[in-house]
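K.L.:
Sharing a sequence plus its predicted fold:
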Amino acid sequence: MFKTLYKNPTSSAYFLILFLAIFSTIYNAFLPLHGDEAYYWMWSKHLQMGYYDHPPMIAFMIYLTNSISQSEWGVRLVNVFSMSISALYIFKLTKLISDEKTALNSVLIFLSVALTNAGFIITTPDSPLSLFWSISLYYTYRAIFIGERKDFLLTGLFLGFMMLSKYTAVLYIVGVVLFVILKRRDLFLNPYMYATMLLSLFVASPMIFWNYQHEWISFMFQLAHGASEDGKLYPHLFFEFFGGQFGIYSPVFTALLFFFLIKDKLYFKDNKLFFITLSVAVTLLFFFYKSFYSRMMLNYTAPAYIGGTVLLAILITRYELKKTFIWGLGIALLLTIAARIAFLFYLPYIQERMYGNKEAVQLLATYAQEGDSFYSDHLTMAAYLKYYLPNHPESDVAYPTRYSQYDMWRKKDYLKNGLFLARDAEDLSYLKTVYKSVELLNTLTVQNGHNTTKTFYIYRLRDPISNN
């Protein structure tokens with residue numbers, strides 16, 4: 001099999017990327033939306049240049065895929081496109097630094113690990129971030145080491161798109177600045193570098209202006225997000241996060257990459273590898289540091305493994321680690337296949353937050369009357385209502401919860417007669433302070449893990465009290 005793949009590495013890489021793209025598109029049609037996906041889809045119905053939680057790129061990309069389909073697989077075309085193009089640019093960059101066979105290895109690594117396959121499934125701002133991070137890495141490399149004007153300009157363009165995707169993009173910029181200071185200070189005399197900076201800021205300026213108009217609310221939220229309230233260190237959270245890297249990127253590949261970063265000083269002598277290494281190390285070190293103070297989500301480090309995959313493929317070739325590569329690939333594929341099977345057939349056990357929501361909304365729809373408004377107790381449940389109800393009516397949160405985009409859009413006296421969907425048995429005392437009548441209509445109990453269940457509650461709300 002491997003001999004066949006390596007006969008024409010470029011064609012094999014393109015085939016593998018296309019195959020996983022088609023497979024994932026079909027696969028995604030069988031999974032209900034995650035609450036966050038529904039929330040970002042809701043943004044695509046209200047386009048603007050910034051949102052409380054994130055920059056706007058995820059909403060723009062979902063808006064484009066809506067023209068193809070608004071079903072689950074249609075929303076997730078954002079992922080399929082983003083991860084496929086990321087794989088393509090990983091191939092292109094590895095080939096530029098090394099050779100075709102090494103580039104094919106980088107694609108095999110990237111497509112085999114659980115992190116990438118999760119990226120093909122769940123739509124988050126990490127999808128466009130990965131897309132524009134990989135493209136930016138390619139064109140920044142070309143700009144620095146080849147120096148053509150078009151590469152500087154394309155770098156500026158895609159850096160701007162990356163900043164419109166997720167604020168984590170700043171870590172990429174830190175890595176590039178460090179490289180220029182440490183290895184290529186001559187670039188400070190290159191006018192194209194300043195053109196790159198100006199172009200990236202110009203592309204990102206609508207998002208920056210939106211934040212300015214809203215008192216930097218999104219920037220402030222992200223600065224506080226993941227921070228420790230008491231300032232204490234929590235080493236167990238670091239070890240939990242660190243250990244999780246061996247699951248999402250596979251044990252062999254993670255161990256090999258980390259060993260290279262810590263023990264092997266080859267990249268110090270090779271400017272090209274040092275440039276890629278900084279894109280990995282800055283991101284990993286930042287989130288490892290943060291993980292001592294607060295629980296970090298494993299997907300936060302995803303951009304690091306774009307450059308990490310390039311480094312790993314080159315390392316395997318230089319040190320002729322063929323057996324290690326085959327073992328690593330086999331283990332990664334086993335973990336990924338197991339995860340994909342679990343998502344498809346055992347969703348209540350491994351991702352209960354995705355399970356039962358669609359059915360609860362469908363049950364609520366049977367009680368809907370003309371003129372009803374629709375509410376829930378959480379931002380993701382409100383988004384589920386808008387997504388799964390017929391004709392996608394507007395929805396909102398009618399219960400105290402964390403601040404969200406709904407709060408930014410909300411007007412005074414927004415509560416009307418309608419239906420309320422709760423994820424759990426709520427304390428109705430609050431609802432009874434804003435409505436004169438709160439009537440339980442029905443419940444829906446579904447599986448929640450191995451030995452427990454969760455129950456959705458459907459209420460009819462009547463006669464809102466003024467000044468709610």
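P.N.:
Looks like it came in fine.

K.L.:
continuing past the helix or strand bottoming out on mean pLDDT in the chain, what's the next helix or strand?
P.N.:
Lowest by mean pLDDT, DSSP states H and E among the helices and strands of the chain is helix 266-269, with a mean of 76. Sequence order places helix 271-291 as the next helix or strand after helix 266-269, per DSSP states H and E.

K.L.:
Just the CA trace of that following helix, in CSV.
P.N.:
C-alpha atoms of helix 271-291 as CSV (Å, rounded to 0.1, in the frame of the first residue of the first chain):
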residue,chain,number,x,y,z
ASN,A,271,16.6,29.0,10.1
LYS,A,272,13.8,27.4,8.1
LEU,A,273,13.1,24.8,10.8
PHE,A,274,13.5,27.5,13.5
PHE,A,275,10.8,29.6,11.8
ILE,A,276,8.4,26.6,11.8
THR,A,277,9.3,25.7,15.4
LEU,A,278,8.4,29.1,16.7
SER,A,279,4.9,28.8,15.3
VAL,A,280,4.6,25.6,17.3
ALA,A,281,6.4,26.5,20.5
VAL,A,282,4.9,29.9,21.1
THR,A,283,1.3,28.5,21.0
LEU,A,284,2.1,25.4,23.1
LEU,A,285,4.0,27.3,25.7
PHE,A,286,1.2,30.0,26.0
PHE,A,287,-1.5,27.5,26.6
PHE,A,288,0.6,25.3,28.9
TYR,A,289,1.2,28.3,31.0
LYS,A,290,-2.5,29.2,31.0
SER,A,291,-3.4,25.7,32.0
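
K.L.:
List the buried residues in it.
P.N.:
Residues of helix 271-291 classed as buried: 273-284, 286-287, 290-291 (neighbour count, 16 or more other C-beta atoms under 10 Å). For glycine as for every other residue, the C-beta is placed from the backbone atoms N, C-alpha and C.

K.L.:
Just the closest of the residues you listed to L257, please.
P.N.:
V280 (7.7 Å; C-beta to C-beta).

K.L.:
Please look at the closest one and L261 and confirm they touch.
P.N.:
Yes. If you go by C-beta atoms under 8 Å, V280 and L261 touch, sitting 6.9 Å apart.

K.L.:
Give me the distance between V113 and P235.
P.N.:
Using C-beta to C-beta, to the nearest Å, one obtains 27 Å as the distance from V113 to P235.

K.L.:
and Q447, that's in a helix?
P.N.:
No. Q447 sits outside any helix when classified using DSSP: H, G, I helix; E, B strand; the rest coil, being strand.

K.L.:
Give me the local confidence score for it.
P.N.:
In this model, Q447 is scored at 87, pLDDT.

K.L.:
That one: what's it in contact with?
P.N.:
348-349, 352, 355-356, 453 (C-beta atoms under 8 Å, 6 or more residues apart in numbering).

K.L.:
now these: which count as buried?
P.N.:
Buried among the contacts of Q447 by 16+ other C-beta under 10 Å: 348, 352, 355-356.

K.L.:
re the thing from before, counting neighbours, go ahead and name the busier of V113 and P235.
P.N.:
V113 (26 against 9; other C-beta atoms under 10 Å).

K.L.:
Can you give me the neighbour number for Y167?
P.N.:
18.

K.L.:
Okay, Q70 and D377: tell me how far apart.
P.N.:
Q70 is 25 Å from D377, by C-beta to C-beta.

K.L.:
between those two, who's got more neighbours?
P.N.:
Applying other C-beta under 10 Å to Q70 and D377 shows that D377 carries more neighbours, namely 20 against 16.

K.L.:
Spatially nearest residue to that one (excluding sequence neighbours)?
P.N.:
Once flanking residues are discounted, D377 sits nearest to Y399: 3.9 Å by C-beta to C-beta, 6 or more residues apart in numbering.

K.L.:
same deal with I62?
P.N.:
Closest to I62 by C-beta to C-beta, 6+ apart is S44, at 4.0 Å.

K.L.:
who's in contact with that neighbour?
P.N.:
59-60, 62-63, 66.

K.L.:
And it, how far from Y63?
P.N.:
4 Å.

K.L.:
Surely P56 touches Y40?
P.N.:
No. If you go by C-beta under 8 Å, P56 and Y40 don't touch, sitting 10.3 Å apart.

K.L.:
quick one: which of those two has more around it?
P.N.:
Y40 (26 against 23).

K.L.:
Got the phi and psi for the closest residue to G418 other than its chain neighbours?
P.N.:
The shortest distance from G418 to any non-neighbouring residue, by C-beta to C-beta, 6+ apart, is to S373 (3.5 Å). Here is the backbone geometry of S373 (degrees, to the nearest 10): phi -100, psi 160.

K.L.:
Next up, the contacts around S373.
P.N.:
With C-beta under 8 Å, 6+ apart, S373 has these contacts: 393-396, 415-419.

K.L.:
Out of the residues you listed, which is nearest to L93?
P.N.:
Nearest to L93 out of those is S395 (C-beta to C-beta; 42.8 Å).

K.L.:
Just the pLDDT for the closest one.
P.N.:
pLDDT, S395: 96.

K.L.:
I'd like the distance between it and L47.
P.N.:
Counting by C-beta to C-beta - S395 and L47 are separated by 18 Å.

K.L.:
Same question for A382.
P.N.:
18 Å.

K.L.:
separation between the residue nearest to the spatial centre of the chain and A304?
P.N.:
Of all residues in the chain, the one closest to the mean position by C-alpha atoms, centre = their mean is D126, 2.4 Å from it. For D126, the distance to A304 (C-beta to C-beta) stands at 12 Å.

K.L.:
just M207 next, same as before
P.N.:
Separation of M207 from A304 (C-beta to C-beta): 23 Å.

K.L.:
if you count what's nearby, which of the two comes out ahead?
P.N.:
Each of M207 and A304 has its neighbours counted (other C-beta under 10 Å); A304 has more, 26 against 23.

K.L.:
Report the contact partners of the more buried one.
P.N.:
279-281, 283-284 are the contacts of A304 under C-beta under 8 Å, 6+ apart.

K.L.:
Likewise for A425?
P.N.:
Counting by C-beta under 8 Å, 6+ apart, A425 has contacts 455, 457.

K.L.:
Does H450 belong to a helix, a strand or coil?
P.N.:
Secondary structure for H450, judged by three-state DSSP, is coil.
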